[in-house]
Structures are given as structure tokens and as C-alpha cells.
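Colleague: Give me coordinates for this.
(one chain, ligands or ions: 2)
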Amino acid sequence: MPHVMAAVLAGGTGSRMGGAVPKQLLPLAGRPVLEHAVAAFQDAPEVDEVLVVMAPDHLREAERIAAPFPKVTAVLPGGSTRTDSSVAALRAVEARPGSDLLLLHDAARPLVARTTVAAAVAALEHAGAVGVAVPSSDTVVRVAPGGGGAEAVAEVPPRAELRRMQTPQGFRLEVLRRAYAAALADPDLVATDDCGVVLRYLPGEPVHIVAGTEANIKVTHPGDVEVAEALLRREAGRGAGEGER
Ligand SMILES: Nc1ccn([C@@H]2O[C@H](COP(=O)(O)OP(=O)(O)OP(=O)(O)O)[C@@H](O)[C@H]2O)c(=O)n1
Ligand SMILES: C[C@](O)(CO)[C@H](O)COP(=O)(O)O
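Modeller: Ligands and ions are numbered 1, 2, ... in the order given. Below is the predicted model:
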């Protein structure tokens with residue numbers, strides 16, 4: 001059986017959310033957002049070990065939140081970008097011999113379903129890199145500078161071919177290691193997710209997709225915590241807990 005590690009990335013400051021504390025520390029139905037994300041991996045039977053990558057100024061709070069979860073074996077400082085925090089998780093996992101698979105998950109996605117974690121791990125039996133994604137119900141366009149400083153639509157990619165990427169994103173460790181070795185040698189590296197790093201820097205490596213859920217939102221803007229609370233209530237109303245979010 002592969003040894004499955006999950007890293008919960010909580011190294012951000014939540015600038016779009018604003019406020020005095022990073023969004024991963026905001027209360028959501030009585031528990032910090034971060035705690036919901038950690039609990040999802042604690043409860044996932046496919047996951048053996050959990051790391052928390054936290055904003056350096058808030059390591060103590062993360063340690064306190066993680067303490068009741070026996071699968072959490074380390075709370076580490078994150079970097080100044082999400083990519084840096086992913087690399088911090090990768091380095092920590094590399095230092096632990098015997099790890100085979102790594103799931104990288106946004107702490108800001110507290111509603112990840114158990115079924116999604118299971119599907120991502122299962123897909124790694126046959127794939128080196130796996131992303132979780134949902135179809136877009138909106139038409140998505142590429143924009144370019146238009147007249148008078150405004151934006152203009154430059155392209156309307158076929159919607160049926162588009163997906164919105166979520167997390168977790170899962171990797172065989174050697175795949176992620178090779179991708180980041182190449183990526184970190186690129187002075188122009190800019191990435192918004194880890195599957196994108198594999199796609200760009202290991203062009204021969206397929207990145208598989210498994211279906212996510214609409215409820216797996218990323219708490220990002222003011223008001224998103226209230227949306228997440230409503231989704232949690234809906235789940236409780238369904239008598240769920242088994243992951244159908
Ligand atoms: N240096 C960073 C930046 C982000 N993240 C984490 O990556 C996830 C997705 O990032 P995002 O939603 O952008 O979080 P923030 O960077 O905190 O938000 P913002 O961009 O609004 O500042 C979050 O769980 C965040 O804590 C991280 O681990 N390290
Ligand atoms: C990884 C991600 O959640 C996939 O949708 C997203 O790209 C993170 O972006 P952010 O700007 O760091 O929130």
C-alpha cells in the first residue's frame with residue numbers, strides 16, 4: 001500500500017478577504033476554516049499523514065488547531081507565495097523516506113468531500129498527477145486590453161472543454177519532485193496551482209482529472225464564509241457527513 005501524505009496549505013494572508021487574521025483562522029460553524037480542512041484529511045481512510053503549512057506569523061495557532069488530530073505530524077512555515085508553500089510541503093515530505101503520494105490542498109477549501117479525497121487517491125494508482133475539477137456553468141473568456149484602458153474579450157474557448165480546478169491535487173512524489181526541479185530553475189516561474197506546474201514543466205506527464213463538487217468552494221472574498229456556512233447547514237440537513245457535498 002502506498003504511504004499517502006496530505007499537506008494542507010494555510011500559508012496565505014487572505015488579502016482579498018481583508019480583516020485582521022488570515023481567512024483560514026476565521027470561524028466557520030464554530031471551528032476555524034483550517035480545522036475543517038484538516039479534519040477532512042484526518043477522516044479520510046486513504047490518508048496516512050497530514051502536514052499543515054502555515055503563515056509564519058500564525059504557527060502557534062495552527063499548532064493548537066492541529067493538536068487534536070493524530071494524523072498531523074508537522075506544522076511548518078509556508079513561503080511568500082502558494083507555490084513556495086507547496087515547495088515547503090514537498091521538501092518536508094522528501095525528507096520523510098517512505099512517502100509515495102502527496103495531496104496538496106488549500107486550507108481555504110474547508111468543504112472538501114470525503115468522496116473527492118478518495119477519488120483523487122484512487123486515480124493515483126494509474127496516474128502521476130491528478131487534479132480535481134468541476135465544469136463551468138458560466139462562459140469563460142480570455143481578455144486583452146481594449147480601447148480606453150478597458151478590457152475586451154479576446155477569445156471564447158469552448159465551454160465544454162473548460163473546467164474549474166479545485167484541490168486536492170495529488171501526485172506521485174517523484175513526478176512532483178521532477179516538475180518542481182524544472183520549475184524552480186525557471187526564473188519566470190508563475191503558477192496558480194500544482195497541476196499547472198506538472199503540465200508546464202513535465203510536458204509528457206498526463207494530468208488526470210477527477211470530478212469535484214460545487215460545494216468545494218475556496219473561501220476567498222468577504223461573504224464566502226457565510227456561503228460555506230450555508231453549504232455546511234445544507235449538508236447537515238441532508239444528514240450527510242459521508243461526503244456528498
Ligand atoms: N503564501 C501562500 C499563499 C497561499 N497559501 C494557501 O493557498 C491556498 C489558496 O490561496 P489563496 O486563496 O490565494 O489564499 P491567500 O493567499 O491567503 O489569499 P489572497 O490571495 O487573497 O491573499 C490558501 O489556503 C492559502 O492559505 C499558502 O499556503 N501560502
Ligand atoms: C489551487 C487553486 O485553488 C485551484 O483553483 C487556485 O488556483 C488557488 O489560487 P489562489 O489565488 O492561490 O487562491
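Colleague: The helix or strand of the chain with the lowest mean pLDDT and ligand 1, are they touching?
Modeller: When the helices and strands of the chain are compared on mean pLDDT, DSSP states H and E, helix 224-237 comes out lowest with a mean of 92. No. Contact of helix 224-237 with ligand 1 is not found when judged by Cβ under 6 Å from any ligand atom; the minimum separation is 9.8 Å. C-beta here means a position set from N, CA and C on the backbone, and glycine is covered the same way.
Colleague: and that helix, what other elements does it pack with?
Modeller: Contacts of helix 224-237 with other secondary structure elements, assessed using 3 or more Cβ pairs under 8 Å, 6 or more residues apart in numbering; DSSP states H and E, are made with strand 27-28.
Colleague: Mean confidence (pLDDT) on the strand it packs on, please.
Modeller: Confidence over strand 27-28, taken as the mean pLDDT, stands at 97.
Colleague: where does the least confident helix or strand of the chain sit relative to the chain's centre, distance-wise?
Modeller: Centre-to-centre, helix 224-237 and its host chain are 19 Å apart (Cα atoms, centre = their mean, to the nearest Å).
Colleague: which of the residues in it are buried?
Modeller: Judged by neighbour count using 16 or more other Cβ atoms under 10 Å, the buried positions of helix 224-237 are 224, 225, 228, 231, 232, 235.
Colleague: these two touch, right, the third one and residue 108?
Modeller: Read it as residue 228. No. Under the contact definition of Cβ atoms under 8 Å, residue 228 does not touch residue 108, with a separation of 9.6 Å.
Colleague: what's the overlap in contacts for those two?
Modeller: Counting by Cβ atoms under 8 Å, 6 or more residues apart in numbering, the contacts common to residue 228 and residue 108 are 33, 219.
Colleague: sorry, back to before: output the least confident helix or strand of the chain as CSV, nothing but the C-alphas.
Modeller: The C-alpha coordinates for helix 224-237 follow below in CSV (Å, rounded to 0.1, in the frame of the first residue of the first chain):
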residue,chain,number,x,y,z
ASP,A,224,-17.6,33.4,1.4
VAL,A,225,-17.6,32.2,5.0
GLU,A,226,-21.4,32.8,5.1
VAL,A,227,-21.7,30.8,1.8
ALA,A,228,-19.6,28.0,3.3
GLU,A,229,-21.8,28.0,6.4
ALA,A,230,-24.9,27.7,4.4
LEU,A,231,-23.4,24.8,2.5
LEU,A,232,-22.5,23.1,5.7
ARG,A,233,-26.0,23.5,7.0
ARG,A,234,-27.4,22.0,3.8
GLU,A,235,-25.1,19.0,4.4
ALA,A,236,-26.2,18.7,8.0
GLY,A,237,-29.8,18.9,6.8
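Colleague: which residues sit against that helix?
Modeller: For helix 224-237, the external contacting residues (Cβ under 8 Å, 6+ apart) are 17, 23, 26-29, 33, 110-111, 215, 217-219, 241, 244-245.
Colleague: Where does residue 189 sit: helix, strand or coil?
Modeller: In terms of secondary structure, residue 189 is coil; the call rests on DSSP: H, G, I helix; E, B strand; the rest coil.
Colleague: in what helix or strand does the spatially closest residue to it that is not a sequence neighbour lie?
Modeller: Leaving out its chain neighbours, the residue that sits closest to residue 189 by Cβ to Cβ, 6 or more residues apart in numbering is residue 183, at 5.1 Å. Under the assignment given by DSSP states H and E, the secondary-structure element containing residue 183 is helix 173-184.
Colleague: tilt between the following helix or strand past that helix and helix 173-184?
Modeller: Sequence-wise, the next helix or strand downstream of helix 173-184 (DSSP H and E) is helix 194-201. Helix 194-201 and helix 173-184 meet at an angle of 70 degrees, taking axes from the mean of the first three to the mean of the last three Cα atoms, to 10 degrees as the criterion.
Colleague: Good, wrapping up.
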